[in-house]
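**Q** Dropping a prediction and its sequence here:
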Amino acid sequence: MNNTSSRRTFIKTAALASFGALVLPNSLFAYSNDFKSDKKVRVGFIGVGLRGQEHVKLLAKRNDVEIVAFADPDKRMLAASQKILKDNNKSTAQEFSNGEYDYRNLLKLKTIDAVVIATPWEWHLPQGTEAMRAKKIVGMEVSGAIKLQDCWEFVKVYEETKVPIFMMENVCYRRDIMAILNMVRKGMFGELVHGRGGYQHDLRGVLFNDGVTPYNSGAEFGEKGFSEAHWRTEHYVKRNGELYPTHGLGPVAMMMDINRGNRLTRLSSFSSKSVGLHKYIVEHPKGGENHPNAKVKFNQGDIVTTQIACANGETILLTHDTSLQRPYDLGFRVQGTEGLWQDFGWGDFNQGHIYFEKTMNHTHRWENTEKWMKDYDHPMWKKFENTAAGAGHGGMDFFVMNTFIECIKRNIEFPMDVYDLALWYSITPLSEESIAKGGQAVDIPDFTNGKWKTRKPVFGMTDEF
């Protein structure tokens with residue numbers, strides 16, 4: 001197959017296609033749990049912490065969903081989640097709170113079609129694969145893998161059970177990014193050459209708190225921390241790599257047809273020194289030079305950059321930047337033979353620069369993105385703008401949950417599937433390996449086993465999901 005030629009053909013075809021037209025999915029779910037489209041989707045939640053509760057809020061508003069059960073050892077979080085159901089006039093969910101493994105009893109319920117997993121990263125593999133083996137369709141929150149073998153295990157269990165798993169990467173649904181995807185599909189950027197993204201978000205007030213409130217309240221973590229500070233910060237102590245790759249990689253991967261006509265082949269990662277978290281502890285009013293955590297050595301570098309090569313010749317640059325002071329900005333850039341876009345800020349239509357050489361008469365001057373974003377707003381956002389209003393992360397979370405439920409109801413393929421999950425998660429352990437080897441390039445496995453050559457793009461091809 002001539003992949004470059006295939007890419008050009010796709011651009012031309014997509015430019016002529018109407019988003020409103022029906023686009024057939026790659027395949028129906030090979031697995032069925034006898035779910036009928038006229039029934040409510042019966043959902044269980046594994047993990048109802050602050051992130052899980054955002055998903056509970058969205059599904060509690062739907063008339064086509066029944067929330068059956070919650071599994072979480074934290075009674076405080078269970079009570080908050082039950083209140084969400086009550087406030088939406090929904091029935092109380094059954095609770096599984098007898099320790100960390102009581103989720104296994106939730107998975108035994110025959111009254112559940114699917115589970116949403118929003119737990120600490122180290123639980124994703126056991127809970128996700130056990131759910132698939134229990135014949136529960138999985139919606140999985142994002143992270144990076146603990147070990148490379150974990151990624152293969154997800155694929156192995158899927159291919160054994162045929163129970164689908166949905167990678168819930170919400171940034172793929174960010175409105176400005178979907179407008180750019182629309183432009184890419186119309187061929188406006190020409191042939192893509194390079195993309196950038198990352199997780200550039202000051203998390204210091206998330207990684208440390210007072211053990212009672214979750215954000216910006218103290219210098220504690222681990223056993224004395226609350227919410228993410230209870231578990232996430234420990235990764236910064238022990239690891240050094242691209243810890244959270246999916247926010248930056250996912251949108252670019254969709255634009256470059258990764259796993260669907262293209263693939264990632266190798267990467268090289270470098271890490272800066274680690275000084276930001278120590279400085280935060282020392283300077284915090286509840287910390288200081290004599291605070292016990294001031295003696296902790298954090299292995300995670302403040303800035304980690306990862307360069308990735310693609311089979312069709314493109315490159316991607318990821319940046320992990322969460323330990324220093326900075327405004328929020330995921331740092332996206334899409335560059336092709338005909339155009340260039342880069343964002344700044346949190347996704348508002350006017351928070352970006354764009355340049356099309358021919359359209360702009362070789363001015364060599366940026367234009368603000370606002371007009372372009374409005375003109376090429378993705379049909380999905382146009383259709384669901386009012387429905388998504390008020391949902392988490394500027395409406396992105398609505399699209400994640402809507403896609404999850406609608407694909408189950410219609411028995412069609414998830415647009416972000418197990419192969420995307422395995423690939424995107426793999427960047428974390430592979431980057432750790434590369435950094436440990438002084439930036440040496442390491443190969444990225446083909447989790448599709450060659451199927452990427454014939455799989456077709458499905459994300460954002462219609463105004464549905």
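**A** Good, I have the coordinates.
**Q** Can you report how many residues neighbour the nearest residue to Gly241 once chain neighbours are set aside?
**A** Distances taken as Cβ to Cβ, 6 or more residues apart in numbering place Glu432 nearest to Gly241, at 3.6 Å, with adjacent residues excluded. C-betas here are computed from N, CA, C, even on glycine. Glu432 has 26 neighbouring residues, counting by other Cβ atoms under 10 Å.
**Q** tell me the SS of Glu432?
**A** Secondary structure for Glu432, judged by DSSP: H, G, I helix; E, B strand; the rest coil, is helix.
**Q** Next up, the contacts around it.
**A** Arg239, Asn240, Gly241, Ser269 (Cβ atoms under 8 Å, 6 or more residues apart in numbering).
**Q** Apply 7 Å and report the result again.
**A** Arg239, Asn240, Gly241 (Cβ atoms under 7 Å, 6 or more residues apart in numbering).
**Q** which ones are touching the nearest residue to Tyr158 once chain neighbours are set aside?
**A** Nearest non-adjacent residue to Tyr158, counting by Cβ to Cβ, 6+ apart: Val418, 4.2 Å away. Applying Cβ under 7 Å, 6+ apart to Val418 gives the contacts Phe154, Val155, Tyr158, Ile165.
**Q** Contacts made by the helix or strand containing the first one with the rest, please.
**A** Yep, that's Phe154 we're talking about. Taking DSSP states H and E as the criterion, Phe154 maps to helix 148-161. Residues outside helix 148-161 that contact it (Cβ under 7 Å, 6+ apart) are 31, 125, 128-129, 132-133, 145, 165, 418-419, 421-422, 425-426, 429-430, 447.
**Q** what's the closest non-adjacent residue to Trp121?
**A** Counting by Cβ to Cβ, 6+ apart, Ser143 is the residue found nearest to Trp121 once chain neighbours are left out, at 4.0 Å.
**Q** can you tell me which residue is nearest the centre of this protein?
**A** Most central in the chain under Cα atoms, centre = their mean is Glu169, positioned 2.5 Å from the mean C-alpha point.
**Q** wouldn't that residue be in contact with Met416 here?
**A** Yes: between Glu169 and Met416 a contact is recorded at 5.9 Å, counting by Cβ atoms under 7 Å.
**Q** Pull out the buried positions in the host helix or strand of Leu78.
**A** Element membership of Leu78 [criterion: DSSP H and E] is helix 75-87. Across helix 75-87, burial judged by 16 or more other Cβ atoms under 10 Å covers Met77, Leu78, Ala80, Ser81, Gln82, Ile84, Leu85.
**Q** For Arg455, which non-adjacent residue is spatially closest?
**A** Leaving aside its chain neighbours, Arg455 sits nearest to Arg260 (4.4 Å; criterion: Cβ to Cβ, 6+ apart).
**Q** three-state assignment of the one you found?
**A** Arg260 - assigned by three-state DSSP - is coil.
**Q** Relative to Pro415, how far out is it?
**A** 10 Å (Cβ to Cβ, to the nearest Å).
**Q** just checking, what packs against the helix holding Leu78?
**A** Counting contacts by 3 or more Cβ pairs under 7 Å, 6 or more residues apart in numbering; DSSP states H and E, helix 75-87 packs against helix 50-60, strand 65-71.
**Q** Quick one: mean pLDDT for stretch 315-327?
**A** Mean pLDDT, stretch 315-327: 98.
**Q** buried set for it?
**A** Using 16+ other Cβ under 10 Å as the burial criterion, the residues of stretch 315-327 that qualify are Ile316, Leu317, Leu318, Thr319, His320, Asp321, Thr322, Ser323, Leu324.
**Q** One more: stretch 387-407?
**A** Applying a neighbour-count criterion of 16+ other Cβ under 10 Å, one finds 388, 391-405, 407 buried in stretch 387-407.
**Q** just how off-centre is it within its chain?
**A** 13 Å (Cα atoms, centre = their mean, to the nearest Å).
**Q** Could you tell me how many residues sit around the closest residue to Trp366 other than its chain neighbours?
**A** Distances taken as Cβ to Cβ, 6+ apart put His353 closest to Trp366, at 4.0 Å, once the chain neighbours are dropped. Neighbourhood size, His353 [other Cβ under 10 Å]: 15.
**Q** Okay, and the beta partners of His353?
**A** Gln342, Asn368 (DSSP bridges).
**Q** again with Glu66
**A** Arg42.
**Q** quick one: pLDDT of it?
**A** Per-residue pLDDT puts Glu66 at 98.
**Q** right, and it touches Arg42 too?
**A** Yes: Glu66 is in contact with Arg42 according to Cβ under 7 Å; the separation is 4.9 Å.
**Q** pLDDT at the most far-flung residue of the chain relative to its centre, what is it?
**A** Going by Cα atoms, centre = their mean, the residue of the chain most distant from its centre is Asn290, 37.9 Å out. pLDDT, Asn290: 98.
**Q** and what of Glu464?
**A** So, for Glu464, pLDDT stands at 87.
**Q** and it, helix, strand or coil?
**A** coil.
**Q** check contacts around it.
**A** Residues counted as contacts of Glu464 (Cβ under 7 Å, 6+ apart) are Glu406.
**Q** Quickly note the distance from it to Arg455.
**A** Computed with Cβ to Cβ, the distance linking Glu464 and Arg455 is 19 Å.
**Q** swap in Ala219?
**A** Here Ala219 is placed at a distance of 47 Å from Arg455 (Cβ to Cβ).
**Q** Settle it for me: which of the two has more neighbours?
**A** Ala219 (26 against 18).
**Q** surely the more buried one meets Pro285?
**A** No: counting by Cβ under 7 Å, Ala219 sits too far from Pro285 to count as a contact (8.7 Å).
**Q** thought Gln307 was touching Thr319?
**A** No: taking contacts as Cβ under 7 Å, Gln307 lies outside contact range of Thr319: 10.4 Å.
**Q** Mutual contacts of those two, please.
**A** Residues touching both Gln307 and Thr319 (Cβ under 7 Å, 6+ apart): there are none.
**Q** As a check, name the ranges of all helices in the stretch 201-350 of the chain.
**A** Under the criterion DSSP state H, counting those that start in this stretch, helices of the stretch 201-350 of the chain are mapped to 204-207, 228-238, 246-255, 276-283.
**Q** what packs against the first one?
**A** Using 3+ Cβ pairs under 7 Å, 6+ apart as the contact criterion, the neighbours of helix 204-207 among helices and strands are helix 228-238, helix 276-283.
**Q** okay, the angle between the first one and helix 50-60?
**A** What separates the directions of helix 228-238 and helix 50-60 is an angle of 130 degrees, with axes from the mean of the first three to the mean of the last three Cα atoms, to 10 degrees.
**Q** Give me the distance from helix 228-238 to the chain's centre.
**A** Centre to centre, stretch against its chain (Cα atoms, centre = their mean), the figure for helix 228-238 is 19 Å.
**Q** any idea of the angle that helix forms with helix 276-283?
**A** 120 degrees.
**Q** which parts of helix 228-238 are buried?
**A** Buried, per 16+ other Cβ under 10 Å, within helix 228-238: Glu228, Ala229, His230, Trp231, Arg232, Thr233, Glu234, His235, Tyr236, Val237.
**Q** separation between the fourth one and Gly47?
**A** Right, Trp231. Distance, Trp231 to Gly47, using Cβ to Cβ: 11 Å.
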